[in-house]
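Engineer: coordinates only, sequence not included:
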């Protein structure tokens, strides 16, 4: 019997699971939000992931349900689990990726290093936090943010008035998350994979460079990361995966601070942009690893295959009609570059692909990757 | 506009084009011989590749037609070309892969090193060749053979009587190919990729180990291959690709003889078993390279990514019910091994998958690959 994996969500993360699924001999089925999405080759169904009947019908035809994103509602997830569906990561874990306040509280219980934070329900409470933290802070909506959306740096409590108003209208009450504005020297990301039966492996910690709240570049492994930093990051990743009961891939976004601490910024319980380098630079890609993990198959070697890998995101630009001509230009000038595209229309700012280069000289690898990706710029 | 590639034939070579097609942002469509074949994920049509109307309807929906095998008849190929379809490799090149006598005659014109050979139409003619070559030779049916089928070592002219009888019944006349029995120390394979516009790249020459006429193991690059041998093999590959007008991937199977010559054994104009190691061991896999070449896109870097790669074929065995349990065993014991499976029922002797390991120590890499593949043996 062919093993069938069902992925809820038809974006590029689902798309990039197709290649390893084919090579592993798995059947991959995708529940896409609409026709013509990135993962359309494997899309067997189009429908609303918030609708229990839709997701239930999809789940009935597969051996495990996993995700391209973390937005499937808890009541849908819990209904599936109660009906005996294998869901990985499960709702108990996903709640921490779905609500940043729940995540902060749980990480505090686990003793994880974090920025100072608080749950605030009013401008007055926010002002108290601001007064205690030099008058500036980061305010986040606990739910629904990604790629910099739902995140705002504020200098005065009134700057979050619209979000407090939206919370009040929502009717469910609730609070905003406020966090100290961390003075960091750089951002890192630690990925781990964990099987339901407990096996866990850790990838090398990487450096991520964000631009406008969106991941622009990843260097693997993180340059100038001594053994201590690598160990600290790995221990944090493993402790969170185990403490939160994550199954599949977990990405932990980290700040390295000016005073040499490592603090947890965000979590993602799925393959993650910070791990795209693993397709070309690791023995086992994060997409293959995620499939192995959610199926409770033995995990693959997460080691790097080259001394250095550099991954650059390709974003849609205002005057890109089609990317086709640019691909040929990039291929011609950069035969070493691995070019990945997501089959998406190149709207401005949208992630439409990425380029990875590997090798043994970081300057050379980074130059080549940036040069290849720059062909796609306007 | 998304670029569409049409692959005629639904076997594992078409299947292994799916992963790079997805990553390159191409749409891949497959004309499969029947339902449920290896490449079924991309199969948009099921039909007979010998039927012009079937192939024409398939070709109408794609930008280029290429192949999983070399069996599409010349009249079908030529009709497509005359109607303006981009077919790569084209019929002028494919004829040399479809008929071993035509191939031998053309390679002779090109001055390529070959075993002694002759076209024989009767037992008497075969006996003349045998008498001139120590009483033993290899007889081949010019068309339709693969994996050792249509190949026979004979010690007497009467041992090919059934094939001469079949030729006579065929009505088209024709001859058998007879070749000297080469005393070789080992078999090698040289792959090159060539675009319609002429760009050509060569992969490192590899050593192939055959068992029962079927490829069992590939070591890349070929051990103990000096610069001279690598250059000779590369020059032969390039000369044949250019001389025969091959577009896409070309594999040249070679004998290395006891007196240090390199002779051309067979040709394949498609991705080839001797190049499966490139999925995990080269910057650009043969499957990605084939797609780039047939689309006349700039070719990728064919360099090896590791000092050594060893690929072992997994064949179906008599008592394998399903491979699933064995996959988990192999994964658990060999996390470095890259396991590829073709989604085929494991009938005895059938190629159902392969395992590749890469690294910097050949003994270690070969041991690990053989150990991982042995988990699938009965």
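Structural biologist: Now that the structure is in, tell me what you want to look at. Model, not experiment: these values are computed from the prediction.
Engineer: Now do the strands in the stretch 51-200 of chain A.
Structural biologist: Counting by DSSP state E, counting those that start in this stretch, one finds strands in the stretch 51-200 of chain A at the ranges A:64-67, A:117-120, A:137-140, A:151-154, A:176-179, A:184-194, A:200-202.
Engineer: And the last one, what does it pack against?
Structural biologist: Okay, so that is strand A:200-202. Using 3 or more C-beta pairs under 8 Å, 6 or more residues apart in numbering or on different chains; DSSP states H and E as the contact test, the elements touching strand A:200-202 are strand A:184-194, helix A:227-244. (Glycine included, C-beta is placed from N, CA and C.)
Engineer: The next helix-or-strand element following that strand: which residues count as buried?
Structural biologist: Read in the C-terminal direction, the helix or strand following strand A:200-202 is strand A:206-211, with elements assigned using DSSP states H and E. Buried residues in strand A:206-211, counting neighbours by 16 or more other C-beta atoms under 10 Å in any protein chain shown, are found at A:206-208.
Engineer: Please report how far whichever residue of the stretch 201-350 of chain A sits closest to chain B lies from residue A:317.
Structural biologist: Using C-beta to the nearest C-beta, the point where the stretch 201-350 of chain A gets nearest to chain B is residue A:341, with a distance of 3.3 Å. As judged by C-beta to C-beta, to the nearest Å, residue A:341 and residue A:317 stand 14 Å apart.
Engineer: still on that earlier bit, got JSON lines for the helices and strands packed on strand A:200-202, with mean neighbour count, distance to chain B and mean pLDDT too?
Structural biologist: Formatted as JSON lines, the helices and strands packed on strand A:200-202 follow (neighbours: other C-beta atoms under 10 Å in any protein chain shown; distance: least, C-beta to the nearest C-beta, whole Å; pLDDT from 0 to 100):
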{"stretch": "strand A:184-194", "mean neighbour count": "23", "distance to chain B": "11", "mean pLDDT": "97"}
{"stretch": "helix A:227-244", "mean neighbour count": "18", "distance to chain B": "17", "mean pLDDT": "97"}
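Engineer: would you list those in CSV and tack on distance to residue A:72?
Structural biologist: Formatted as CSV, the helices and strands packed on strand A:200-202 follow (distance: least, C-beta to C-beta, whole Å):
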stretch, distance to residue A:72
strand A:184-194, 19
helix A:227-244, 17
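Engineer: mind checking which of these is nearest residue A:36?
Structural biologist: Minimum separation from residue A:36 across the helices and strands packed on strand A:200-202 (C-beta to C-beta) falls at strand A:184-194, 29.7 Å.
Engineer: to the chain's geometric centre, what's the distance from the closest one?
Structural biologist: Centroid separation between strand A:184-194 and its chain, computed with C-alpha atoms, centre = their mean, to the nearest Å, is 11 Å.
Engineer: That one to helix A:227-244, inter-axis angle?
Structural biologist: Between the direction of strand A:184-194 and that of helix A:227-244, the angle (axes from the mean of the first three to the mean of the last three C-alpha atoms, to 10 degrees) works out to 50 degrees.
Engineer: Find the nearest non-adjacent residue to the residue most central in space within chain A, please.
Structural biologist: Nearest to the centroid of the C-alpha atoms of chain A, with distances taken as C-alpha atoms, centre = their mean, sits residue A:272, at 3.3 Å. The spatial neighbour of residue A:272 that comes closest, neighbours along the chain excluded (C-beta to C-beta, 6 or more residues apart in numbering or on different chains), is residue A:251 at 3.5 Å.
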